[in-house]
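Asks: Here's a sequence, model it:
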Amino acid sequence: MNRRNFNLLRPIIGAWTIVVAALSIGLLTGCGNAPPEPASVQESLSALPDDATLRATLDEVVDWNRENRLLNLQDHAAWQVLHGIVAYGRAFPIEKEPGGERMLAVEYLLGGGEMTGWNLRPGIVLDAETDRRGLIAEVDFGSKTGQGHPDQWLGYMAYCGLQASETIVAGDRTYTIEDFIRQVQWDVPRVPNQEYSWTLMGLSSYLPTTAAWEAQDGQTWSIERLVEIETQQDVASSACGGTHRLFALCAAVNNHQAAGQPLDGVWEAANRKILENVEAARQYQNADGSFSSNYFRRGGRTADLTLDLSVSGHILEFLMLALSDEQLSEPWVRRGVVHVCDVLQKTQTVPLECGALYHAIHALILYRQRVFGVAA
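Replies: As a prediction, this is how the structure comes out:
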């Protein structure tokens with residue numbers, strides 16, 4: 001099977017430019033042929049929209065939520081805004097106050113704009129002669145205001161295609177994204193509970209997957225070491241059912257392959273974990289297209305549309321990096337996409353939690369780009 005290597009997280013010039021490399025990988029032992037769909041699922045397939053209808057629905061859902069669910073600096077914080085950036089990248093708008101002046105969120109933050117929860121400060125000395133410093137993003141663990149996970153901001157801002165040389169103003173200093181990266185590399189040993197999902201997401205976007213460096217503990221760290229640690233973690237006990245962990249692994253593996261590197265050793269184990277969880281998502285998917293409310297552990301469904309959106313959106317987002325071109329055309333994937341669109345249309349009058357909303361939107365945007373191309 002040919003697996004499309006979707007390098008979403010590799011920084012590139014221009015917002016939402018997609019770098020795609022088609023690379024071959026063999027399915028690992030034990031995957032086999034998928035069992036036939038049950039009758040209830042077969043019946044639902046006849047209701048799937050054609051390409052033109054689905055493309056129009058995707059564009060309508062994505063555009064409506066960008067233009068009508070507006071965030072502002074008075075009522076919302078960095079946690080909400082950065083999730084919006086996950087979905088829409090540099091095109092994500094925010095308002096100064098409700099109904100007030102609109103501006104692009106990424107440009108506002110890079111230019112030194114203030115926002116609740118956006119807490120940056122100087123880090124280590126990178127160049128004593130110029131007093132060049134690393135850039136630290138403070139962590140507010142479990143926060144829905146500030147950075148809730150280590151290196152979450154770097155991981156999410158990697159979606160925007162920011163070059164390492166781009167500047168970011170914090171306080172009275174001007175840094176570069178590279179200063180941010182260097183600080184994250186230095187601080188890797190301090191990450192609590194070895195939660196490297198966002199660290200890996202960010203660093204594997206900016207550094208070669210063969211990169212190694214010395215951190216503050218005097219040890220040699222590397223992208224491969226982070227991949228190994230993440231692969232060994234329990235998906236079920238991880239944030240959002242393990243979807244962020246799997247997304248980060250998938251991004252790193254894709255970038256590794258795009259550089260022509262073999263999937264052996266640590267990388268083979270990571271790829272195996274990705275494939276196992278892709279199959280779990282397919283196996284436990286409900287007949288209506290929603291994904292299991294128990295994520296990758298076992299089957300389950302919920303009548304709560306907001307919980308359904310969170311689960312199905314997060315899983316679909318992971319799948320958009322993990323699936324091959326051939327798999328994207330399979331009915332079970334289209335059912336998942338149609339379901340997420342349907343939930344977002346049904347909840348237009350309902351306030352939605354930003355994590356659930358924007359990860360779901362991001363999944364739809366990725367599907368749109370891979371199947372139909374970038375929207376005009």
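
Asks: Have a look at this protein and report its longest strand.
Replies: strand 120-127 (DSSP state E).

Asks: Can you list the strands that it pairs with?
Replies: strand 132-137 (antiparallel) (DSSP bridges).

Asks: residue ranges with poor pLDDT in this protein?
Replies: Residues of the chain meeting the criterion pLDDT under 70: 1-46.

Asks: where do the strands sit along it?
Replies: 2-6, 20-24, 71-72, 93-95, 102-104, 120-127, 132-137, 167-170, 173-176, 212-214, 220-222.

Asks: and the fifth one, how far out from the chain's middle?
Replies: Remark: strand 102-104 is offset 23 Å from the chain centroid, using CA atoms, centre = their mean, to the nearest Å.

Asks: Could you list the buried residues of that strand?
Replies: residue 104 (16 or more other CB atoms under 10 Å). C-betas here are computed from N, CA, C, even on glycine.

Asks: How about the residue nearest the centre of the chain: what's its closest non-neighbour residue?
Replies: Residue closest to the average C-alpha location in the chain (CA atoms, centre = their mean): residue 247, at 6.1 Å. Nearest non-adjacent residue to residue 247, counting by CB to CB, 6 or more residues apart in numbering: residue 318, 4.9 Å away.

Asks: For the one you found, grab the count of nearby residues.
Replies: When neighbours are defined as other CB atoms under 10 Å, residue 318 has 30 of them.

Asks: Hmm, it is touching residue 243, no?
Replies: Yes. With contact defined as CB atoms under 8 Å, residue 318 and residue 243 form a contacting pair (4.9 Å).

Asks: quick revisit: can you list the strands of the chain in CSV and add distance to residue 152?
Replies: Formatted as CSV, those follow (distance: least, CB to CB, whole Å):
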stretch, distance to residue 152
strand 2-6, 21
strand 20-24, 26
strand 71-72, 17
strand 93-95, 18
strand 102-104, 20
strand 120-127, 13
strand 132-137, 8
strand 167-170, 16
strand 173-176, 18
strand 212-214, 21
strand 220-222, 19
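
Asks: Need the phi and psi values for residue 166.
Replies: phi -70, psi 150 (degrees, to the nearest 10).

Asks: swap in residue 101?
Replies: phi -60, psi 140.

Asks: Tell me who's in contact with it.
Replies: residue 95 (CB atoms under 8 Å, 6 or more residues apart in numbering).

Asks: got it, and the one 3 residues further on?
Replies: Applying CB under 8 Å, 6+ apart, we find residue 104 in contact with 90, 91, 92, 93, 94.

Asks: Roughly how far does it sit from residue 124?
Replies: 30 Å (CB to CB, to the nearest Å).

Asks: returning to that earlier point: what about the strands of the chain, which gets the closest to residue 336?
Replies: strand 2-6 (16.6 Å; CB to CB).

Asks: Quick one: neighbours of residue 171, just the number.
Replies: If we define neighbours as other CB under 10 Å, then residue 171 has 10 of them.

Asks: thought it was touching residue 120?
Replies: Yes. Judged on CB under 8 Å, residue 171 makes contact with residue 120 at a distance of 7.4 Å.

Asks: Can you tell me who the residue nearest to residue 185 when sequence neighbours are not counted pairs with across the strands?
Replies: The shortest distance from residue 185 to any non-neighbouring residue, by CB to CB, 6+ apart, is to residue 213 (5.1 Å). Using DSSP bridges, the bridge partners assigned to residue 213 are residue 221.

Asks: number of nearby residues for residue 213?
Replies: Neighbour number of residue 213 under other CB under 10 Å is 15.

Asks: cool, residue 198 as well?
Replies: Residue 198: 26 neighbours (other CB under 10 Å).

Asks: Distance of the spatially closest residue to it that is not a sequence neighbour relative to residue 143?
Replies: Excluding the flanking residues, the one nearest residue 198 by CB to CB, 6+ apart is residue 155, at 3.4 Å. Here residue 155 is placed at a distance of 15 Å from residue 143 (CB to CB).

Asks: Residue 212 now?
Replies: Taking CB to CB, one finds residue 212 at 32 Å from residue 143.

Asks: residues near residue 173, how many?
Replies: 16.

Asks: For it, which residues are in contact?
Replies: Residue 173 neighbours (CB under 8 Å, 6+ apart): 122, 133.

Asks: what is it paired to in the beta sheet?
Replies: Beta-bridge partners, per DSSP bridges, of residue 173: residue 170.

Asks: could you check the distance from it over to residue 224?
Replies: From residue 173 to residue 224 the distance is 33 Å (CB to CB).

Asks: show me where the stretch 51-200 of the chain has helices.
Replies: 51-68, 78-88, 105-110, 152-157, 177-187, 197-206 (DSSP state H, counting those that start in this stretch).
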